[in-house]
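[1] Build the 3D model from these lines:
(4 chains)
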Number of protein chains: 4
Amino acid sequence: MTLVESKPGGAGLSERFAEVRARTCRLAASLSSEDQQIQAFDYASPTKWHLAHTTWFFETFVLGREPGHEPPFDPTFSVLFNSYYEGVGPQFARPQRGLLSRPSLQTVLAYRETVDREMVDRLRSQDEAVRADLVELGLQHEMQHQELLLTDILANLSVNPTSPAWRDETVEFSSAPATSKWIPFDAQLIQVGHHGRGFCFDNETPRHQTYVHPFELRSNPVTNAEVMSFIDDAGYRRPELWLSDGLAWVREHGVEAPAYWRRNPGEPAWRTFTLYGEQAVDPHAPATHLSGYEAHAIATWLGARLPTEQEWEWAATTQGGSPQEGRWLEQGPVVPRNSPTTSPFTSLWGETWEWTLSAYQPYPRYRPLAGAVGEYNGKFMANQLVLRGGSCATPANHVRTSYRNFFYPHQRWQFTGLRPARDAQ
Amino acid sequence: MTLVESKPGGAGLSERFAEVRARTCRLAASLSSEDQQIQAFDYASPTKWHLAHTTWFFETFVLGREPGHEPPFDPTFSVLFNSYYEGVGPQFARPQRGLLSRPSLQTVLAYRETVDREMVDRLRSQDEAVRADLVELGLQHEMQHQELLLTDILANLSVNPTSPAWRDETVEFSSAPATSKWIPFDAQLIQVGHHGRGFCFDNETPRHQTYVHPFELRSNPVTNAEVMSFIDDAGYRRPELWLSDGLAWVREHGVEAPAYWRRNPGEPAWRTFTLYGEQAVDPHAPATHLSGYEAHAIATWLGARLPTEQEWEWAATTQGGSPQEGRWLEQGPVVPRNSPTTSPFTSLWGETWEWTLSAYQPYPRYRPLAGAVGEYNGKFMANQLVLRGGSCATPANHVRTSYRNFFYPHQRWQFTGLRPARDAQ
Amino acid sequence: MTLVESKPGGAGLSERFAEVRARTCRLAASLSSEDQQIQAFDYASPTKWHLAHTTWFFETFVLGREPGHEPPFDPTFSVLFNSYYEGVGPQFARPQRGLLSRPSLQTVLAYRETVDREMVDRLRSQDEAVRADLVELGLQHEMQHQELLLTDILANLSVNPTSPAWRDETVEFSSAPATSKWIPFDAQLIQVGHHGRGFCFDNETPRHQTYVHPFELRSNPVTNAEVMSFIDDAGYRRPELWLSDGLAWVREHGVEAPAYWRRNPGEPAWRTFTLYGEQAVDPHAPATHLSGYEAHAIATWLGARLPTEQEWEWAATTQGGSPQEGRWLEQGPVVPRNSPTTSPFTSLWGETWEWTLSAYQPYPRYRPLAGAVGEYNGKFMANQLVLRGGSCATPANHVRTSYRNFFYPHQRWQFTGLRPARDAQ
Amino acid sequence: MTLVESKPGGAGLSERFAEVRARTCRLAASLSSEDQQIQAFDYASPTKWHLAHTTWFFETFVLGREPGHEPPFDPTFSVLFNSYYEGVGPQFARPQRGLLSRPSLQTVLAYRETVDREMVDRLRSQDEAVRADLVELGLQHEMQHQELLLTDILANLSVNPTSPAWRDETVEFSSAPATSKWIPFDAQLIQVGHHGRGFCFDNETPRHQTYVHPFELRSNPVTNAEVMSFIDDAGYRRPELWLSDGLAWVREHGVEAPAYWRRNPGEPAWRTFTLYGEQAVDPHAPATHLSGYEAHAIATWLGARLPTEQEWEWAATTQGGSPQEGRWLEQGPVVPRNSPTTSPFTSLWGETWEWTLSAYQPYPRYRPLAGAVGEYNGKFMANQLVLRGGSCATPANHVRTSYRNFFYPHQRWQFTGLRPARDAQ
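    Predicted structure coming up:
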């Protein structure tokens, strides 16, 4: 986030604030207070916790700095809903978030209302009583949590043998096949990183020069049909396809298919658990819920590799078209599909995040933001890989060409797939 | 349970059925659906699960056997709410019960209503359409779960740093001191086990002869004041007081006080988490939430030992007065106190379960019940210790002189304390 | 150990001391210093450690008390070779014993020589410079470690895929079938516990009255052939045969056969790892390396149960013949067989320890020895079961009718089997 | 390893083979067979295993390919001493290597002699009966294991409370202070990776263009005195200095100082366990046994950062002098010191490996070697960081400017320290 450069304040900001905040509640609205309570994995926070934490973020980093701010809504919340900001203070243990039956959902919603009222009042006042850059950071943070809210509820519902749905919608799961081509790029000194207009996170800066070697990027991501062939070709049991850590992960967890894939006893057809309950796997849709290790192995099996994040960014910049073309959270349904596109690339934006080869590391001359918000990105620059392009659960207008998402290579509860790359001949 | 001998059927049974079943719901009524969802420990089932499981018990073991019974309320419940009956079929994993946001509490309450309606109809009908002995077993089972429901919610709420209460009542926590005397018993051949009138569990049978050596049993249980002295005397750090497994347990978990005991930073006074929130420890009340290991160490520190279950039963039979004198769940509040008594023993009935020295093992010529209900008791006869006397969370009329409760020696989330015994001089 | 009663001192004691101590070294002599170094499991101490620990026992509990004793051989040994005597001081972590490459085996053997020289000098002197009862305790302790030394080396060598042998002997593994009969016993008040002549451990005292109900005990222990039938009858997968904790143990560890049993790929015949390398299972030999859980399940499968330790002791006392008839360590080979007997019972003494139903608990009015040697037995009276009768790895003249061995019900690296019992009709 | 380019064969190769192989045995010679048996951590293989594994490497990858090769020395060795080559076959479990008391050290030494004899015969024959490039790979592999042998024995001996020494030498531990300056480098397109003359590993190739931004590298590595100041400044407890994963590692393991640092009770002076036993920490020597997380935190605390591997390589190439100037294993003692140098940098070569900021990832257009030897490097390109420059335990002539060592950021049993870098002003 280059705070000095983001100037989204003024009249529009209070409307955008209200709109973004309201969408979070809408996403949760189909869930009972019990659904919003549960946490099936250390990493998958309860919906109620997301609702509270995103509110805490505004209360702490925006309102808390301002003169005239009321005492906190509830002083215990500074511990309960602090995710990982050591600079703010201690945090309630992450794996136990699902045990906080109090505060109730009702209280959390009242918390949201109270904070939102003060926020909107201040945003509408002439006195410019809040820092617009921090409001913008809070909104981008909220959008990230909208995606997490959905991937977490998918994870949390997945352990229930009755396969419950987030929303009771009838959803069609059948994509048309996409064409698969290799798009070539020449070697050159390029610029990557955020341009300097509009919001960005600090990890996208500074924009800098780097050298790319000649490469090719596939026009479409790997599909579910390809993953089924990988399975049939014993891909999960062939050591030569895997990184050493990946093979250890496969063996330790007995991995045999992407996350959420299942087969009924005696039936060969793969099914998958989705936000709409259990469904048949859509063969021509982009594969998703793959770990970085699986992405590496599948790319290797295809005779290819993962792209570096610089290659991805350069391809997206020069031939990727506009992120507006992607299918995002607002369009629904929240499940990857093939969608028509005017660029050479299909599903580059939205649908499923794409693993890259690149470790998540600081750009040259990177500086984190000052203060506790500086913990937002920088301290996670170890052991993770960069992902690019957004997913069907990402809100529109959130992702950029320079946007860097990051997860550990063994994680796969996000919508994560891959797009093969290769060295140019 | 000697099924052939229990004859509690007829007109009274349908009323008693309705009464016992209604009490379970009343115990849960002060809790939100979120409170009823959570499970903070593998052993501490959610309230909602208890509501469903006790209903499943009647549906499976009473209604399920009868001709004319409707199809099950929901076929998935036979897995979700089966606790441990291998003879019935597979069980949903115990540590994950808190993740079942579906079925909702509302559905579980509807499940209770449906099963209760059929049960009451059959109990009232002339046709004797259910086996009264199994109904009685179900009611005794329900009473056990009423106690578990409370001890589990205590455990589940205890991890919340805001110390929430089960019920918002003002409760006085201050007992008068009890007199402490040693009551002697001679050596002799005695009879222990259930007499044969009224309901009992199979583990209380058969009544049989055994030989007790001369012993003395203390008139009152160990108090909180004694435990505080034990702590002040470095009791938790003196190996000579502990069983080897107990010492390992203390060191592994850093145990320094009974479960739920806390001290505010910088303050010497012990406080404890109760069903009514955090409270000062009541010094003259019977100590509770002690593991069997702690019970052994405290008894040793007092120059005494735990009684065997035969000694306890013999003392209760001959000088223990009537269980009616005890303070039980119905009286409340659900926290141990001293209560007046006419027998030589105080707090023998109710208040807090008392650990015995005796491993939970089959009585000579013991036979479990036939069928899946035979799994109720017999298969747990390994690694556990017998406890006697009931607690403040036990429903009235549930516990007998011959009643055998059992837990692992490291467990202490029940209301569990001790009454010292010693060899007669 | 009733120390006041054991009077084995005088001239004979120094010879017996030398003989027992020398046997330990002979048992280890076929092993290289590398073999004597390794520890494959937390519970399986290295041979070298046994050699040092048994020496430390004499140095600490016998010589260390005496005036004129030299400073310790090496002051670090008081930590390194203290097994579990909290009263003596801290102990080197048990699971890391196999990491002590220093002191070397050579130094440990020198340690033995130094301590043995002082011991023999004192035993031979007129001044009665040591307490004979503690010497006797040390010798009985040494004999227990001779058995452990062998069972531990069996465990430690078992992880080596080359199936190495303790001794390169040709050993015949083929027993004749034993007759199987039920021997009846009447109900009565009996006396159990040590008689008061000769050495015993404190846990065998005091001798006391107890009541046994009518029972029958099988003339022969369960055989390997019976275990193979149990396996073929899906015994390991039938919940109704198992204690609940036992079933959990089977499932967690994927248990499918006794410890050390193996099958070559594609071959139906069971083989087993022994102290003489891998061998075919001897069908008519007593089954061994069974856990207490397996013993319970196999007995249940046979329509029987385990005997209580009182039943076992009474049967052994009245119809068991003399322990001298058993086949013990000195006779070899160290692997259970059927051996001829003049009593109604076969293999009651030696061959394989027999699990009982009885939890290892204190006898009425039990008092541990004073001082740190009081930790020998009493502090382990939790969670363990009593075993009776000795094994092919037990030295002769070590086991008595009243001898109580004890292990956790999941353990099976000792020579442990079972003899079925049943209630008399 | 660019196999086609390495041509070190001919007369010299057999001498070099004999010399390198003999050095491994000399490094182990001061250790008993017990010392060579132990494995205190999953990662720290026994000395005996190193002796066997390096021999297996030649037998498998050099001799095994050749016509006329005898059957293997022992067919079980292909499993026992295969480290991680899935293409060769299954491997004995790494954490259990310390349990292989058989084969004995004597047998392993005979194995070495047998393989060495055949190797030397073939190397001396006219027929060029082995592939020189694979021999060279085997020798470089052996040199890597010479370093590991020492760092593993340091780890394995460290758990022994008697602080045993690898070699009983008197070693002086007192360095003169080094000057600390910042050496600047301009932005530019540079070439990194192996030049193409002499041996290299495949991970150093292909040489390729990359862009470096202006930076400065400190003339000397971080010293023990600086680490002591970091500790005194509460460095291990200040979250703002740490990566998130690093902070979790510190808290989980209670890290308070570099590996092997200790303090005597009541004494403020730091001591450290070395290959020569416990010693006082040498304040002016390069700090070592630091994890990558600690390296990051200490650099941050100094207001600096770690260099990228490209920055390091460029600095070493242009101003680093010759690796010959470093102090290597052959010179001894094996403990970091300051040593005089003619380049602007001190201790750049040898003494202690230097953590870089760079994740261990493939160079552009990287191709692993064909066949199982291709598993040597490529499959480890996940979750690890690159280290540069060699250590006091690295054999001379092993490390190059382009040499990439790699470890996980939490590991610190190697000689690993850091040299601060910073962005140029």
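
[2] contacts, neighbours, all on C-alpha from now
    Will do.

[3] residues in chain A within reach of chain D, list them.
    Residues of chain A found near chain D (Cα under 8 Å from any Cα of the partner chain) are A:86-87, A:209-211, A:213, A:239-240, A:242-245, A:358-359, A:361, A:364-365, A:378-384, A:423.

[4] Apply 7 Å and report the result again.
    Taking Cα under 7 Å from any Cα of the partner chain, the part of chain A that reaches chain D is made up of A:86, A:210-211, A:213, A:239, A:243-244, A:359, A:364-365, A:379-380, A:383, A:423.

[5] Most neighbours out of those residues, which is it?
    Neighbour counts for the residues of chain A next to chain D (other Cα atoms under 10 Å in any protein chain shown) peak at residue A:359, which has 26 neighbours.

[6] Settle this for me: it is touching residue A:386, isn't it.
    Yes. Counting by Cα atoms under 7 Å, residue A:386 is a contact partner of residue A:359 at 6.1 Å.

[7] who's in contact with the host helix or strand of residue A:299?
    Here residue A:299, judged by DSSP states H and E, is contained in helix A:292-301. By Cα atoms under 7 Å, 6 or more residues apart in numbering or on different chains, the residues outside helix A:292-301 that reach it are A:230, A:241-243, A:246, A:305-306, A:355, A:409-410, A:417-418, A:420.

[8] Of these, which belong to strands?
    If you go by DSSP state E, these have A:355, A:417 in strands.

[9] Could you tell me which of the contacts of helix A:292-301 count as buried?
    A:230, A:241-243, A:246, A:305-306, A:355, A:409-410, A:417-418, A:420 (16 or more other Cα atoms under 10 Å in any protein chain shown).

[10] so which of the residues you listed comes closest to residue B:173?
    Proximity of the buried ones among the contacts of helix A:292-301 to residue B:173 was ranked by Cα to Cα; the top entry is residue A:410 with 51.8 Å.

[11] which residues of chain A fall in helices?
    For chain A, the helices defined by DSSP state H occupy A:11-28, A:47-61, A:77-80, A:105-124, A:132-158, A:224-232, A:244-253, A:292-301, A:309-319.

[12] Contacts for the fourth one next, please.
    This means helix A:105-124. By Cα under 7 Å, 6+ apart, helix A:105-124 touches A:11, A:14, A:33, A:48, A:52, A:55, A:59, A:73, A:129-130.

[13] In ChimeraX, select just the buried ones from those.
    A single ChimeraX command selects the buried members of those (16+ other Cα under 10 Å):
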select /A:14,33,48,52,55,59,129,130
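
[14] which ones among the contacts of helix A:105-124 come in contact with chain B?
    Within the contacts of helix A:105-124, those near chain B by Cα under 7 Å from any Cα are residue A:33.

[15] how about low-confidence regions in chain A?
    A:1-11, A:126-129 (pLDDT under 70).

[16] Dead centre of it: give me the residue that sits there.
    residue A:147 (5.8 Å; Cα atoms, centre = their mean).

[17] quick one: contacts for it?
    Taking Cα under 7 Å, 6+ apart, one finds A:393-394 in contact with residue A:147.

[18] Quick check: it vs chain B, distance?
    21 Å (Cα to the nearest Cα, to the nearest Å).

[19] What is the end-to-end distance of stretch A:217-232?
    End-to-end distance of stretch A:217-232 (Cα to Cα, to the nearest Å): 25 Å.

[20] circling back: can you tell me which of the helices of chain A is nearest to residue A:262?
    Closest to residue A:262 of those, according to Cα to Cα: helix A:132-158, at 11.3 Å.

[21] Only C-alpha atoms, please: export stretch A:267-282 in CSV.
    Taking Å, rounded to 0.1, in the frame of the first residue of the first chain, the C-alpha atoms of stretch A:267-282 are listed here in CSV:
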residue,chain,number,x,y,z
GLU,A,267,-18.2,-45.3,-8.6
PRO,A,268,-15.4,-44.0,-10.8
ALA,A,269,-16.7,-40.5,-11.2
TRP,A,270,-15.1,-37.7,-9.2
ARG,A,271,-17.3,-35.4,-7.2
THR,A,272,-16.4,-32.3,-5.3
PHE,A,273,-17.6,-30.4,-2.3
THR,A,274,-18.5,-26.8,-3.2
LEU,A,275,-20.2,-23.8,-1.6
TYR,A,276,-23.4,-25.3,-3.1
GLY,A,277,-23.0,-28.7,-1.7
GLU,A,278,-21.5,-31.8,-3.4
GLN,A,279,-21.4,-31.7,-7.2
ALA,A,280,-19.9,-33.6,-10.1
VAL,A,281,-16.5,-32.3,-11.1
ASP,A,282,-16.7,-30.1,-14.2
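
[22] I'm curious whether it, anywhere along its length, sits up against chain B.
    No. If you take Cα under 7 Å from any Cα as the test, stretch A:267-282 misses chain B, and the best it gets is 12.9 Å.

[23] in that stretch, what counts as buried?
    Going by 16+ other Cα under 10 Å, stretch A:267-282 has these buried residues: A:270-282.

[24] How about the residues of chain A by chain B?
    Checking chain A against chain B by Cα under 7 Å from any Cα, the hits are A:33-35, A:37-40, A:99-101, A:160.

[25] now do 6 Å
    By the rule Cα under 6 Å from any Cα of the partner chain, the part of chain A lying against chain B is A:34-35, A:38, A:99, A:101.

[26] Specify which member of these is nearest to residue B:252.
    residue A:99 (23.8 Å).

[27] ok, the nearest residue to that closest one once chain neighbours are set aside - contacts?
    Spatial nearest neighbour of residue A:99, chain neighbours left out: residue B:38 (5.6 Å); criterion: Cα to Cα, 6 or more residues apart in numbering or on different chains. By Cα atoms under 6 Å, 6 or more residues apart in numbering or on different chains, the contact set of residue B:38 is A:99, B:46, B:98.
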